[in-house]
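# whatever this is, show me its structure:
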Amino acid sequence: MTTYPVLPSYADHVLVASPSSAVRQRILDDLRPRARRVEQASGGAEALVHLDNGSWQMLFLDRRLPDLDAEELSQTVRRRYPAVEVVLLESAAFATSPDAPNQPPTPVWSDSSNLECAPSEKQSCNAVQTVKKQPAEISARLPGMIGDSAAMQPVYRMAHLVAPRETTVLITGPSGSGKELVARALHQLSPRAARTFAVVNCAAIPETLLEAELFGYSRGAFTGALQAYPGRIQTAHLGTLFLDEIGDMPLSLQPKLLRFLEQKELQRLGSSQVVRVDARVVAATHMDLLMLVRQGKFREDLYYRLCAFPLPIPPLSSRPGDVTQLAEHFLEKFSDSLPVPCLSDEAVVWLRSQSWQGNVRELQNVIERALILAAEESVIQPEHLMPPEASSRNRASAQ
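Next comes the predicted model:
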């Protein structure tokens, strides 16, 4: 019979993170009678999302995570969530008894523990490691990113964790929220920073040309192919390949992309030669890929291969504290060598009251237009920021 460490009296909210569903289920089944709330995550990224969106007292963390280094993640949890106890698990030691092949696996805990144990469970508790906590720290901004709002902290934190690794990242978020900026930051923070950052916008290239653009072609592969072309994937060799708007990739090309992701090899159009390419892949989309999977418009195996590390970007409407910083950044950007005008208090109030359906891109356009309308004025007023119809109504009502 398997015994587990006794949970401290305060640990009634417990999170279990492991890539093994059997490991998670066995632990969940055993802990539920002793904890009020027990939830699970299949990887480090998902565990961080849970931690950011709930109040937890204990995290059971598998050392063999598919996306993040467990030791690094435990240190991050220690800094960010000092109240959370971290227990590292050795899932490799989970085994099924040969005498009971249909029984769930038996967990074996690793290392030592300072958890409070009942006398009868002292021996089994000797194998659990607990990480002590230190004061929380706020993650640094990503290169090229503006804003320190609470909504952006999980983005910065997770990006810093995954950037040095080879893990494939799927960046999700509404159009104009800054997904490409995050992708570029991941590249700049990675060991591949000195190499190529190759961008492919799957929505901007016609379906008939996308395969040749991605995978390349040999001379004479089709009419007009007067010379060989290596393709965008091969140009990203030793660097990063950014697949923007991956949800728009035609279904017919998805098996070929999946093969590259799994084997790191490709074949150019018109050639039988297999080319090995070492490129880290980052993808982005504003679409719900799982919905596309259910509709048969996106391959399920490709989705899970791309979504090794999901990185959601919040809309600008959920980070109003960043609006002023972004607006001031765009004022400097578009002012060239001219004196940079400031925002009036009324302009700041107006900016922070908007819903920004177009996100950061819409705000950028509004500021650029306001600078043109303000001409040589030193202060930006609300009327400079408002759309033409709203500004006209305000002037009419003032007369």
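# does the nearest residue to Ala140 once chain neighbours are set aside lie in a helix or a strand, and which?
The spatial neighbour of Ala140 that comes closest, neighbours along the chain excluded (Cβ to Cβ, 6 or more residues apart in numbering), is Tyr156 at 6.5 Å. Where C-beta positions appear, they are placed from N, C-alpha and C, glycine not excepted. Applying DSSP states H and E as the criterion places Tyr156 in helix 153-162.
# how about Glu71?
When secondary structure is defined using DSSP H and E, the element that contains Glu71 is helix 70-80.
# with Asp29 instead?
In the assignment (DSSP H and E), Asp29 maps to helix 21-31.
# what is that helix packed up against?
Judged by 3 or more Cβ pairs under 8 Å, 6 or more residues apart in numbering; DSSP states H and E, the packing partners of helix 21-31 are strand 13-17, strand 37-41.
# adjacent strands (with direction) for the last one?
Here strand 37-41 has these sheet partners by DSSP bridges: strand 13-17 (parallel).
# rewinding a little: state the number of residues packed around the residue nearest to Ala140.
Residue crowding around Tyr156 was assessed by other Cβ atoms under 10 Å; the count is 19.
# wait, isn't it in contact with Ile146?
No - the pair Tyr156 and Ile146 does not pass the contact test of Cβ atoms under 8 Å, sitting 11.7 Å apart.
# that older thread, buried stuff in the helix holding Asp29?
Going by neighbour count (16 or more other Cβ atoms under 10 Å), the buried part of helix 21-31 is Val23, Arg24, Arg26, Ile27, Leu28, Asp30, Leu31.
# against Ala327, how distant is the fifth one?
Yep, that's Leu28 we're talking about. The spacing between Leu28 and Ala327, counted by Cβ to Cβ, to the nearest Å, is 47 Å.
# could you do the first one as well?
Separation of Val23 from Ala327 (Cβ to Cβ): 48 Å.
# can you check the third one too?
Applying Cβ to Cβ, one obtains 52 Å for the distance of Arg26 from Ala327.
# ok, the last one next?
Counting by Cβ to Cβ, the separation of Leu31 from Ala327 is 48 Å.
# tell me where this protein has strands.
When assigned using DSSP state E, the strands of the chain occupy the ranges 13-17, 37-41, 58-62, 85-89, 129-131, 169-172, 197-201, 240-244, 265-267, 274-276, 280-285, 309-312, 342-343, 379-380.
# ok, residues contacting the first one?
By Cβ atoms under 8 Å, 6 or more residues apart in numbering, the list of residues contacting strand 13-17 from outside reads 7, 24, 27-28, 31, 35-44, 46-47, 50-51, 54-62, 65.
# residues contacting the spatially most central residue of the chain?
In the chain, the residue lying closest to the centroid (Cα atoms, centre = their mean) is Leu311, at 1.3 Å. For Leu311, the contact set (Cβ under 8 Å, 6+ apart) comprises Ala45, Val155, Met158, Ala159, Val162, Val169, Leu170, Ile171, Thr172, Val182.
# how does it look with 6 Å?
For Leu311, the set of contacting residues under the criterion of Cβ atoms under 6 Å, 6 or more residues apart in numbering consists of Met158, Val169, Ile171.
# for this structure, name the helix or strand with the lowest mean pLDDT.
Considering only helices and strands, the least confidently modelled element of the chain by mean pLDDT, DSSP states H and E is helix 122-125, at a mean of 32.
# ok, so what distance separates Glu72 from Leu61?
In terms of Cβ to Cβ, Glu72 sits 11 Å off from Leu61.
# those two: which has the busier surroundings?
Using other Cβ under 10 Å, the more surrounded residue of Glu72 and Leu61 is Leu61, with 25 against 16.
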